[in-house]
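S.K.: coordinates for the following, if possible.
(one chain, ligands or ions: 1)
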Amino acid sequence: MRTSPLAAPATRVVLALALAVAIGTSLAAQGTTSASSEVPDLGEPTAAPDGAPEHLKLIDRQGLAEHAYWLASDERQGRFTSSAGQRATADYVAAHFKKLGLRPLGDKRGFLQKYPLTSVHIAKGTQLSFGRTKITTGFAVLPSDDSFKASARGKFAWCGNGTGNSLPSLKGKIPLVVLHGLGSGTGSGNDLRAIGRYNAIARKLASKGAAAGLICLLDDGGSHANTLSYHGLLPDHPKLQFGKGGRRSQKMRIPLFVINGEQSRALFEHVGIELDGEGEPKTAPKNNKATGSLKIQVKESKKAFSTNVVAVLDGADKKNEAIVYSAHHDHMGERVDGDAFNGADDNASGTAGLLEIAEAFAKGGPRPSRSVIFLSVSGEELGLWGSEYFAENSPWPRGRIVANINIDMIGRAEGTDEAPKMQITPSHGHQKYSSMVRDAVELGEKFGISFTSGDQYYQRSDHYNFAKHGIPVVFFCDGEHPDYHQVTDHPDKLRYPAMESIARLAFWTGWNVANANQRPKELGRQSGW
Ligand SMILES: [Zn+2]
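M.R.: Model (predicted):
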């Protein structure tokens, strides 16, 4: 689920930072918040409720867990839209659809549907080198423009915290700034303060003739790692724009190259900075002759793209009409410290649900009357881009899409396994409340699932792009929790027995809609479910 569009964008970044290493080839990246990657044995699925379609048995906790662990593993690198991890995820989903014998509904008779983006990204060759160390990953760049080249080669020039009044001339030098004591504050105010500080440093260094600045995060900066993920550029983590959506990168007076705590300590050794007991610099560099090379190149591309994955199971009877199941598979990528936003609940859980629901429709029994489209989108976290593109460029006539069932974050229900508590929108208090939502809530009782209103999320996930076109929607969601949009959203925290019930409920809801004589009806605001 995306952060609230009403709040300042920076609220999506909140966090304390764990140490990780990503220096050249000498040290391997290792996210310290990673959980076990072993899929646990979860035992047998529960018996399906009386009267349930026979397909339901194919949706089970073990299958959900296997998908979720794959999707939320460190290897997916947080599935940032357009990144290698996201592309691998799209391929995984496409392979699953193919195996199920679903009909591709993407471009050129394939499962992938491309949509265009522009990107501002770090070009290859951007690196800091000193001694035998080459830093080519695990850094961030705060750029000065959408497209530029900057380099500095020579001595490192000690600049303290970068805003002092007695800085040396920095022409032809690499200004070395150490940021520490950044605190662990969170939220947009904190984020703006961090960016304000970077801006002040860039102006100061520029006034002394520097072409670029080097910032060493020392205590890893509290929430700074998240700030950099959002406002800066990281390798394979560009600043993207979709149509008018998305934000351009923050432009600094001169580009800043920001390295993480582990990398900083390696550099301190090279230049002879000693640290005190608190791990803060005790002295200016002792080795006045230490040199290095900093190269930064940022490029703008108008030809970037990302992909949705889309497939259909043709209906048996009213096959010209379809319902669409959707779940986003993208998430927030990695941080400057190399730790990934694994996004187990957000939204490996819903993607796992989508894959299992597709399997149940394709292999679990007779076909439904209407067709069923399975849509796995990217670009959700950046502004619901993939679903917007699908809705605007639908490979299925939009007027013949009778409903959208969207699942985003279904792994962290409150309550017990036998009685999970979930949120649903549009609720009975919403103008767009429909017979489909009413029926889903009623069916929920068969699984012990109770619902409260999720109307605060009505505009915050992919169903909204269907609702905008007057298509009835239902959104299943567990709501925000302490691991929401944090690097601690891990697959071992998902509640697979409850997920099994919720995914089965989503199946059954769609099954009924796909077989009903009438399309779902808007009911308007009601006093109760
Ligand atoms: Zn999200």
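S.K.: okay, now the domains of the chain?
M.R.: 50-101+314-515, 121-301 (automatic domain parsing).
S.K.: and the end-to-end length of the last one?
M.R.: From its first residue to its last, domain 121-301 covers 8 Å (CA to CA, to the nearest Å).
S.K.: quick check: mean pLDDT across that domain?
M.R.: Averaged over domain 121-301, pLDDT sits at 88.
S.K.: also the longest one?
M.R.: Averaging the model's pLDDT scores along domain 50-101+314-515 yields 97.
S.K.: quick one: that domain near the ion?
M.R.: Yes: Domain 50-101+314-515 reaches the ion (CB under 5 Å from the ion) through 346, 381. (Each C-beta comes from the backbone N, C-alpha and C, glycine too.)
S.K.: now that domain: how far from the chain's centre is it?
M.R.: 15 Å (CA atoms, centre = their mean, to the nearest Å).
S.K.: before we move on, back to that, make a markdown table out of the domains of the chain and add mean neighbour count and distance to Trp529.
M.R.: Below are these laid out as a markdown table (neighbours: other CB atoms under 10 Å; distance: least, CB to CB, whole Å):
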| stretch | mean neighbour count | distance to Trp529 |
| --- | --- | --- |
| domain 50-101+314-515 | 22 | 5 |
| domain 121-301 | 19 | 34 |
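S.K.: dump these to a markdown table, plus distance to Thr307.
M.R.: Output for those, formatted as a markdown table (distance: least, CB to CB, whole Å):
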| stretch | distance to Thr307 |
| --- | --- |
| domain 50-101+314-515 | 5 |
| domain 121-301 | 13 |
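S.K.: so who does Pro53 touch?
M.R.: Neighbour list for Pro53: 364-365, 507-508, 511 [criterion: CB atoms under 8 Å, 6 or more residues apart in numbering].
S.K.: what about 6 Å?
M.R.: Trp511 (CB atoms under 6 Å, 6 or more residues apart in numbering).
S.K.: tell me the bridge partners for the most centrally placed residue in the chain.
M.R.: Centroid check for the chain by CA atoms, centre = their mean gives His331 as the closest residue, at 1.3 Å. Here His331 sits in beta bridges with Phe80, going by DSSP bridges.
S.K.: doesn't Gln77 make contact with it?
M.R.: No: His331 is beyond contact range of Gln77, at 9.5 Å (criterion: CB atoms under 6 Å).
S.K.: and the helices in this structure?
M.R.: Assigned by DSSP state H, the chain shows helices spanning 61-71, 84-99, 187-207, 224-231, 261-271, 350-363, 385-392, 435-444, 463-467, 496-515.
S.K.: give me the contacts around the shortest one.
M.R.: If you take CB under 6 Å, 6+ apart as the criterion, helix 463-467 is touched by 384, 387-388, 391, 404, 406, 473, 475.
S.K.: kindly recompute the last result at 10 Å.
M.R.: Under the contact criterion CB atoms under 10 Å, 6 or more residues apart in numbering, helix 463-467 has outside partners 2, 5, 324, 326, 375, 377, 380, 384-392, 394, 398, 401, 403-408, 425-426, 432, 457-459, 471-477.
S.K.: for the closest residue to the ion within the stretch 301-450 of the chain, give me its contacts.
M.R.: The nearest approach of the stretch 301-450 of the chain to the ion comes at Asp346, 4.1 Å away (CB to the ion). Asp346 makes contact with 1-2, 72, 328, 330-332, 380-381, 408-409, 411-412, 461, 477-478, 480-481, 483-486, 489 under the criterion CB under 10 Å, 6+ apart.
S.K.: kindly recompute the last result at 8 Å.
M.R.: Residues in contact with Asp346, defined by CB under 8 Å, 6+ apart, are 1, 331, 408-409, 484-485, 489.
S.K.: cool, Val372 as well?
M.R.: By CB under 8 Å, 6+ apart, Val372 lies in contact with 312-313, 315, 322-323, 325, 361, 510, 514.
S.K.: redo that, cut-off 6 Å
M.R.: Residues near Val372 by CB under 6 Å, 6+ apart: 313, 323, 361, 514.
S.K.: do I have it right that Lys299 meets Ala123?
M.R.: Yes: with contact defined as CB under 6 Å, Lys299 and Ala123 form a contacting pair (4.8 Å).
S.K.: quick one: Met1 and the ion, what's the gap?
M.R.: As judged by CB to the ion, to the nearest Å, Met1 and the ion stand 4 Å apart.
S.K.: quick check: Ala498 touching Ala413?
M.R.: Yes: judged on CB under 6 Å, Ala498 makes contact with Ala413 at a distance of 4.5 Å.
S.K.: shared neighbours of the two, anything?
M.R.: With CB under 6 Å, 6+ apart, Ala498 and Ala413 have common neighbours Pro420.
S.K.: closest residue of the stretch 51-200 of the chain to the ion?
M.R.: Using CB to the ion, the closest approach of the stretch 51-200 of the chain to the ion is made by Arg79 at 10.8 Å.
S.K.: quick one: Ile201 and Gly162 touch, right?
M.R.: Yes: the pair Ile201 and Gly162 qualifies as a contact (CB under 6 Å) at a distance of 3.7 Å.
S.K.: what sits in contact with each of those two?
M.R.: With CB under 6 Å, 6+ apart, Ile201 and Gly162 have common neighbours Val177.
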